[in-house]
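Q: Here is a sequence with its predicted model. Questions after.
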Amino acid sequence: MAVALPELVLIHEPEEACRTRLAAMGFEPDRATEISSYLAQSTDLALEFEDLAGACARRGIAFSPVELDHAAAVLAEPHADRRRLVWTLTDGIAYFRGGAGPVLARLQGLPTIGSDDTLFALCQDKFRSGAVLKALGLPVPAAGLARDGTWIVPPPEAAQGYFVKPNRLGAKIGIWEDSQARSKARALDLSRRVFSAYRDDVVVQPYVTGRNVRASFLAVRPDAGPEALGVYFVDSGGDFQTMADSMALYGGTGAVAKADGLYVEPQLVPVADLQPAADQAIRGIAARLMAGLGLRDVFSIDFRVEADDTVHLIEFEVCPGLPCFDFRAYCRREWGMSLPEAMAATAAARLTA
């Protein structure tokens, strides 16, 4: 009797499933497309499932991609004859539902790649997440919270104005070229626009200067720590990335942009090459997040870094955009692997140990 191979189960929510559900909730088609673009990594990585399956097979494990709507049934299947490992590709607790992935795995007693399910919920609420990060003593900008033109929590005074973004949406959704507001009144105007389009609150933070930095992490080796972070300036040509920028890079809308010659990949520059002190500060913050908050296995952290090495922690993601240009570059530079090879190696190190 053949022995079943250890299995990597990759749970993901497709863009189309999200659009269909949003349409049923009464969202306009254009808004549903914008919101569902957060799930573009499902669209992009699906093109490489065959490569990922091959990379897994070379390491003696099976690969099973599972759409979120089928995950409960698949994970409930008897598995006593094989080891199974669950990797949740797409998260979400409001517009998206991927946060159910690690919960379903825990319900079935299955091990997971990634942080525990409490962090899946926390990182999707920027206001609550910021409060927790602040309590840990990390350098997070203070924040206010507004809903449809009304302050729930007013922000502090800010001489350089404010930055306004939806509270529960990712992938730059609801961030426009005018999302930097000079006054609290203007911030409230933006909160009305966000609520009208997306039915979401907005986080209002004092605007911080500096360059955008992305720190990416994948524990190909189970014992990898902050030294394995890839810490890069991400220069997209603007002060901050907008929703339009994001939609031109990934998923179905990104494919159209590439076909039309509109795709411009941002530049990545190692922070250590230009500001080594800032690089070390970022790795120290990541170490505190791993020890104090429980980040592990795979995540990304966004920062703003000023010329004098002042570091501002903006937010973290437990389901970073794996097929995105920056994470692919990280896998190549840090681990010397393609994305499918790095994912397979990460899973195999846990399944075959």
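A: That came in fine, so what should we check first?
Q: Might one say that Asp302 is in contact with Pro320?
A: No - taking contacts as C-beta atoms under 8 Å, Asp302 lies outside contact range of Pro320: 9.9 Å. C-beta here means a position set from N, CA and C on the backbone, and glycine is covered the same way.
Q: what sits up against the lengthiest helix in the chain?
A: Counting by DSSP state H, the longest helix found in the chain is helix 184-198. If you take C-beta atoms under 8 Å, 6 or more residues apart in numbering as the criterion, helix 184-198 is touched by 31, 35, 95, 144, 146-151, 154-155, 162, 164, 166, 169, 173-174, 178-179, 181, 200-202, 204.
Q: Buried subset of these, written for ChimeraX?
A: Buried subset of the contacts of helix 184-198, written as a ChimeraX selection, criterion 16 or more other C-beta atoms under 10 Å:
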select :31,35,95,144,146,147,155,162,164,166,169,173,174,179,181,200,201,202,204
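Q: Sitting in strands, which of the contacts of helix 184-198 do you find?
A: Gly144, Ala146, Arg147, Thr150, Trp151, Tyr162, Val164, Pro166, Ala181, Val202, Val204 (DSSP state E).
Q: Let's have those residues in JSON lines, adding pLDDT and distance to Gln124.
A: Shown next, in JSON lines, are those (pLDDT from 0 to 100; distance: C-beta to C-beta, whole Å):
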{"residue": "Gly144", "pLDDT": "97", "distance to Gln124": "19"}
{"residue": "Ala146", "pLDDT": "98", "distance to Gln124": "18"}
{"residue": "Arg147", "pLDDT": "98", "distance to Gln124": "17"}
{"residue": "Thr150", "pLDDT": "98", "distance to Gln124": "22"}
{"residue": "Trp151", "pLDDT": "98", "distance to Gln124": "22"}
{"residue": "Tyr162", "pLDDT": "96", "distance to Gln124": "22"}
{"residue": "Val164", "pLDDT": "96", "distance to Gln124": "18"}
{"residue": "Pro166", "pLDDT": "95", "distance to Gln124": "11"}
{"residue": "Ala181", "pLDDT": "93", "distance to Gln124": "23"}
{"residue": "Val202", "pLDDT": "97", "distance to Gln124": "15"}
{"residue": "Val204", "pLDDT": "97", "distance to Gln124": "18"}
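Q: Among these, which one lies nearest to Ala57?
A: Distance to Ala57 across the ones in strands among the contacts of helix 184-198 (C-beta to C-beta) is lowest for Pro166, with 40.8 Å.
Q: From what I see, the closest one and Gly174 are in contact.
A: Yes - with contact defined as C-beta under 8 Å, Pro166 reaches Gly174; the gap is 3.9 Å.
Q: residues touching Glu341, list them.
A: Ala55, Cys331.
Q: For the strand or helix carrying it, the averaged confidence score.
A: Using DSSP states H and E, the element containing Glu341 is helix 339-351. Mean per-residue pLDDT for helix 339-351: 97.
Q: CA atoms only: put it into PDB for me.
A: Presented in PDB, the C-alpha positions along helix 339-351 are these (Å, rounded to 0.1, in the frame of the first residue of the first chain):
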ATOM      1  CA  LEU A 339       9.200  32.100  -5.400                       C
ATOM      2  CA  PRO A 340       7.800  28.600  -6.000                       C
ATOM      3  CA  GLU A 341      11.100  27.000  -4.900                       C
ATOM      4  CA  ALA A 342      11.200  29.200  -1.800                       C
ATOM      5  CA  MET A 343       7.600  28.300  -0.800                       C
ATOM      6  CA  ALA A 344       8.200  24.600  -1.400                       C
ATOM      7  CA  ALA A 345      11.400  24.700   0.600                       C
ATOM      8  CA  THR A 346       9.700  26.400   3.500                       C
ATOM      9  CA  ALA A 347       6.900  23.800   3.500                       C
ATOM     10  CA  ALA A 348       9.200  20.900   3.100                       C
ATOM     11  CA  ALA A 349      11.400  22.000   6.000                       C
ATOM     12  CA  ARG A 350       8.400  21.600   8.300                       C
ATOM     13  CA  LEU A 351       6.700  18.600   6.700                       C
END
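Q: And Val86, how close does it get to Leu22?
A: Using C-beta to C-beta, to the nearest Å, we find Val86 at a distance of 26 Å from Leu22.
Q: Tell me which of those two has more neighbours.
A: Val86 (25 against 20; other C-beta atoms under 10 Å).
Q: could you say what helices and strands the helix or strand where the more buried one lies packs with?
A: In the assignment (DSSP H and E), Val86 maps to strand 84-88. Using 3 or more C-beta pairs under 8 Å, 6 or more residues apart in numbering; DSSP states H and E, the elements in contact with strand 84-88 are strand 7-12, helix 100-107, strand 112-113, helix 339-351.
Q: So what are the sheet partners of that strand and their directions?
A: Note on strand 84-88: by DSSP bridges, its sheet partners are strand 7-12 (parallel), strand 112-113 (parallel).
Q: what ranges of this structure fall below the confidence cut-off?
A: Applying pLDDT under 70 to the chain flags the ranges 1-3, 80, 236-240, 242-243, 247-264.
Q: can you do 50?
A: Residue ranges of the chain with pLDDT under 50: 1, 256.
Q: Got the domain ranges for it?
A: Domain ranges of the chain: 7-122, 142-206, 211-351, per automatic domain parsing.
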